[in-house]
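Asks: when you get a sec, could you give me coordinates for this:
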Amino acid sequence: MNTTMPEASSVSLRMAVEAARAAAKAAAHTAGLILIEAAGGRGSILEGSHEQHGDTWCEVRSPHFTAHILSESHGDRAHVTLTGIAPAAYEQMRTWAEDRDDCRHDYGCVCLTDPWPALPFLSETTGERRIDYRRADEDQRGSARLALGRITVTLFYEPVTVVDTLLRIARAAA
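Replies: As a prediction, this is how the structure comes out:
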């Protein structure tokens with residue numbers, strides 16, 4: 001009985017995996033370009049790393065954010081830090097994000113009413129405040145911090161489509 005994979009199958013599998021990897025890397029670079037455009041067109045895309053946030057397809061740097069497109073995604077999720085956000089823009093971002101993830105459950109659910117910290121809550125301390133998902137049983141979504149009249153938001157595993165909208169809100173409100 002032959003217990004080895006036929007050479008043709010092995011080569012086909014390897015080629016399919018390499019094609020999938022190339023497609024995800026292309027998606028990550030496209031995601032980077034989308035984020036740069038959302039932030040006003042200024043920024044650069046660098047090779048991925050294995051350091052801060054695990055394996056990344058690429059790192060995107062802009063005056064308004066730094067994003068690491070995560071390789072555990074298909075090029076569509078990022079660990080992102082948005083910087084220099086005006087308080088009014090933050091409130092618009094918070095409202096949009098909470099409305100987007102609004103609770104659609106009946107009574108008795110365990111969803112949080114304010115998963116993003118409101119501006120008065122951020123003003124109470126110079127430290128970071130936790131940003132959660134709407135459902136109380138999910139992991140932490142990120143953090144927000146107010147310093148010198150500007151807000152920094154870090155999101156750990158966010159869809160690029162959401163980050164795009166948050167950047168556009170911040171830019172329009174600036």
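
Asks: quick one: low-confidence ranges for the chain?
Replies: 49-54, 104-106, 108, 136-137 (pLDDT under 70).

Asks: nearest the geometric middle of the protein, what residue?
Replies: Nearest residue to the geometric centre of the chain (C-alpha atoms, centre = their mean): E158, 2.9 Å.

Asks: surely it meets L82?
Replies: No. With contacts counted by C-beta atoms under 8 Å, E158 stays clear of L82, the gap being 10.1 Å. Placement of C-beta: from N, CA and C, glycine included.

Asks: hmm, back to that, pretty sure the residue nearest to the centre of the chain is in a helix, no?
Replies: No. Using DSSP: H, G, I helix; E, B strand; the rest coil, the assignment for E158 is strand, not a helix.

Asks: hey, where'd the strands end up in this structure?
Replies: Ranges of strands in the chain, per DSSP state E, are 44-47, 56-62, 65-70, 77-85, 129-132, 140-147, 150-159.

Asks: for A31, find the nearest of the ones you listed.
Replies: Each of the strands of the chain has some distance to A31 by C-beta to C-beta; the shortest is strand 65-70, at 5.5 Å.

Asks: remind me what the closest one packs against, helices and strands.
Replies: Using 3 or more C-beta pairs under 8 Å, 6 or more residues apart in numbering; DSSP states H and E, the elements in contact with strand 65-70 are helix 7-38, strand 56-62, strand 77-85, helix 160-173.

Asks: tell me which of the ones you listed lies nearest to A118.
Replies: strand 77-85 (14.1 Å).
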